[in-house]
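A.B. asks: Got a sequence here, can you build the structure:
(one chain, ligands or ions: 1)
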Amino acid sequence: MQTRSVLLLPGDGIGPEVMAEVERVIDWHQRHKVIAFNLERGLVGGCAYDAHGAAISEADMAKAKAADAVLFGAVGGPKWDSVPYEVRPEAGLLRLRKDLGLFANLRPAVCFPALADASSLKRELVEGLDIMILRELTGGVYFGEPKEIRDLGNGQKRGIDTQVYDTYEIERIGRVAFEMARKRRNKVTSSDKRNVMKSGVLWHEVIVALHKRDYPDVQLEHQLADALGMQLVRAPKQFDVIVTDNLFGDMLSDVASMLTGSLGMLPSASLGETDPVTGTRKALYEPVHGSAPDIAGQGKANPLAMIGSFAMMLRYSFGLGEAADRLEAAMADVLASGVRTADIGGLATTSQMGDAVLAALDKRAA
Ligand SMILES: NC(=O)c1ccc[n+]([C@@H]2O[C@H](COP(=O)([O-])OP(=O)(O)OC[C@H]3O[C@@H](n4cnc5c(N)ncnc54)[C@H](O)[C@@H]3O)[C@@H](O)[C@H]2O)c1
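C.D. replies: Here you go, the predicted structure:
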């Protein structure tokens, strides 16, 4: 049995509440000898600012770099709305992504059959939906320089962000997309805005060349990002793997989140480059949702996005696909049995949802 080191960063708001449930699920996997963990804990976001004056301390960054994987809750909240920009809660997450080189963000949008009616779209459009949105995470307009507000001296200011992509950045995310498609339904939809952006022209060019050179067996199509947004709500089941840049991926994956019913259902993974010597890669797993200050402390948070993020860790960091399948199936069992938190139309508390997942795991392991 492998022993791996995992850093737990619960964060703020409902982060610690959903982390408490996933810790019980982690413990279940240790008790059943699926895998052993050395668990470390740290602070990130507003709670780290309160403790250290930074969104993540150097000591916790060092722990993140040393760990085989990081499990992250959520950060932010009104308490920290006016802290300096550099140390705002989200800066902790951006630092982790940047310093760990997490360039590939995987956001699956899967519609559990029991929840097809919780989607804002009609049942027949989303039932059986299983798509993967792959967002480039360390480049593009969120990081490009110059990035500033310039005083023009005439009573006007100019806000500047810069969209920049280099060939290697597009190629490495393209590779992840094609490799992933080969293990799924073998189709990649690449999305950019090459009709109005030079970075989009290069994006398209690099993806086409990579496909021709190394992945001609995978079906490739292209859609402009605005048209893709429309298609995602018109006929989402046409997609398998969607690959796009940081900005478009941010928006399109949030659109896709509503196809599945609730933000409280969506896990994600962020992966770095594979080390050619050890064959391992840095990785961070987190629910897509934020710290939900409106329901924090009330036992209403849905822990399934957090638990699903741990399932992705089992699959993508530790090669435990069967254990991940079992955990995802246990979550589907819970939903099918009618146990639900308020966001998906039920009355269960966060810990009752955790209880139900553990009971479903027990049943499947029996
Ligand atoms: N990765 C992150 O840590 C992250 C992501 C998004 C937002 N944020 C931060 O979170 C704070 C709140 O932002 P927001 O309200 O725009 O987004 P949010 O995702 O926290 O909440 C949006 C809505 O979804 C609900 N919701 C979210 N997760 C849920 C869950 N697990 N179970 C049940 N309901 C859930 C919330 O109650 C809220 O009504 C802000 O400070 C924001 O900056 C952090």
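A.B. asks: mind checking the SS state of P108?
C.D. replies: Taking DSSP: H, G, I helix; E, B strand; the rest coil as the rule, one finds P108 in the strand state.
A.B. asks: Quickly list what the residue nearest to it when sequence neighbours are not counted is bridged to.
C.D. replies: Among residues not flanking P108 along the chain, M132 sits closest, at 5.2 Å (Cβ to Cβ, 6 or more residues apart in numbering). (Glycine included, C-beta is placed from N, CA and C.) M132 forms beta bridges with P108, V241, as assigned by DSSP bridges.
A.B. asks: For the protein, which residues are neighbours of the ligand?
C.D. replies: Residues of the chain that fall close to the ligand, judged by Cβ under 6 Å from any ligand atom: 14, 18, 74-77, 90, 93, 263-264, 286, 289-295, 301-302, 305, 341, 343.
A.B. asks: Now, those that are in helices?
C.D. replies: Of the residues of the chain next to the ligand, the ones assigned to helices by DSSP state H are V18, E90, L93, A305.
A.B. asks: what's the burial count for the first one?
C.D. replies: Other residues within reach of V18 by the criterion other Cβ atoms under 10 Å amount to 29.
A.B. asks: What are the buried residues along stretch 126-143?
C.D. replies: 126-127, 129, 131-143 (16 or more other Cβ atoms under 10 Å).
A.B. asks: What residue in the stretch 1-150 of the chain comes nearest to the ligand?
C.D. replies: G76 (2.5 Å; Cβ to the nearest ligand atom).
A.B. asks: State the phi and psi torsions of that residue.
C.D. replies: phi 110, psi 170 (degrees, to the nearest 10).
A.B. asks: quick one: contacts for it?
C.D. replies: For G76, the contact set (Cβ atoms under 8 Å, 6 or more residues apart in numbering) comprises D12, G13, G45, G46, R88, P89, E90, G290, S291, P293.
A.B. asks: With neighbour count as new columns, can these be given to me in CSV?
C.D. replies: What follows is those, written out as CSV (neighbours: other Cβ atoms under 10 Å):
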residue, neighbour count
D12, 28
G13, 29
G45, 29
G46, 27
R88, 19
P89, 27
E90, 15
G290, 19
S291, 25
P293, 15
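A.B. asks: Which of those residues sits closest to S82?
C.D. replies: Distance to S82, by Cβ to Cβ, is smallest for R88 among the contacts of G76, at 9.3 Å.
A.B. asks: doesn't W80 make contact with the closest one?
C.D. replies: Yes. If you go by Cβ atoms under 8 Å, R88 and W80 touch, sitting 6.5 Å apart.
A.B. asks: any idea how far D240 is from T189?
C.D. replies: As judged by Cβ to Cβ, to the nearest Å, D240 and T189 stand 8 Å apart.
A.B. asks: Could you check the pLDDT of D250?
C.D. replies: D250 is assigned a predicted lDDT (pLDDT) of 92.
A.B. asks: how about the nearest residue to the most centrally placed residue in the chain, chain neighbours excluded?
C.D. replies: For the chain, S268 is the residue whose C-alpha lies nearest the centre (Cα atoms, centre = their mean; 2.4 Å). Spatial nearest neighbour of S268, chain neighbours left out: R107 (4.8 Å); criterion: Cβ to Cβ, 6+ apart.
A.B. asks: Quick check: pLDDT value at the residue nearest to A365 when sequence neighbours are not counted.
C.D. replies: Leaving aside its chain neighbours, A365 sits nearest to H32 (6.0 Å; criterion: Cβ to Cβ, 6+ apart). On pLDDT, H32 comes in at 97.
A.B. asks: what sits against the residue of the stretch 101-250 of the chain found nearest the ligand?
C.D. replies: Using Cβ to the nearest ligand atom, the closest approach of the stretch 101-250 of the chain to the ligand is made by D250 at 10.2 Å. Residues near D250 by Cβ under 8 Å, 6+ apart: R135.
A.B. asks: and what of A256?
C.D. replies: Per Cβ under 8 Å, 6+ apart, neighbours of A256: R107, A109, I131, I133, L232, P236.
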